[in-house]
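[1] Quick one, structure for this:
(one chain, ligands or ions: 1)
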Amino acid sequence: MQRQARRDTRAELLLRSELHRRGLRYRVHQRPVPAFRREADVVFRRARVAVFVDGCFWHGCPDHVSWPKANSAWWREKIQANVQRDRETDRALVDAGWVVVRVWEHEDPLRAADRIESTVRARA
Ligand SMILES: [Zn+2]
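    Residues are numbered from 1 along each chain as shown. You can find the predicted model right below:
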């Protein structure tokens, strides 16, 4: 189990290379809204689309969350706090005029790229 939150996960790299292959250009690991201290994994500044690639463990994927047996109450609280923070991030960005696309690390990168591409092109 991956217990450390990481950047540049395999899911993220696959998704980014697929988006690039489709001719989309983006920034990585930037704050969509500078005054709001949260970074998105992929940022389309002109279209104002922020993409987050959420790890199944850390973000409480309903299909794959697995509670560690040791300190399970602590982990549960920790992960629930992450999920709550994600929802707060979504709300703040939407309020600032952004569209948020969340991708699970278990998702097929081609299908995730389809969702992102259509969102970006619709707003370009
Ligand atoms: Zn999952």
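[2] C-alpha only now, for contacts and for neighbours.
    Noted.
[3] near the ion, which residues of this protein show up?
    For the chain, the contact set with the ion under Cα under 5 Å from the ion comprises C56, C61, H64, H106.
[4] of those residues, the lowest pLDDT goes to which?
    Taking the residues of the chain next to the ion together, the minimum pLDDT is found at H64 (90).
[5] The closest residue to that one other than its chain neighbours: what's it in contact with?
    Once flanking residues are discounted, H64 sits nearest to C56: 5.9 Å by Cα to Cα, 6 or more residues apart in numbering. Contacts for C56 (Cα atoms under 8 Å, 6 or more residues apart in numbering) come out as H64, V65, W104, E105, H106.
[6] And V42, by the same measure?
    R16, Y26, R27, V28, H29, Q30, A50, V51, F52.
[7] Kindly indicate the member of those residues with the most neighbours.
    Using other Cα atoms under 10 Å as the neighbour criterion, A50 leads those with 29 neighbours.
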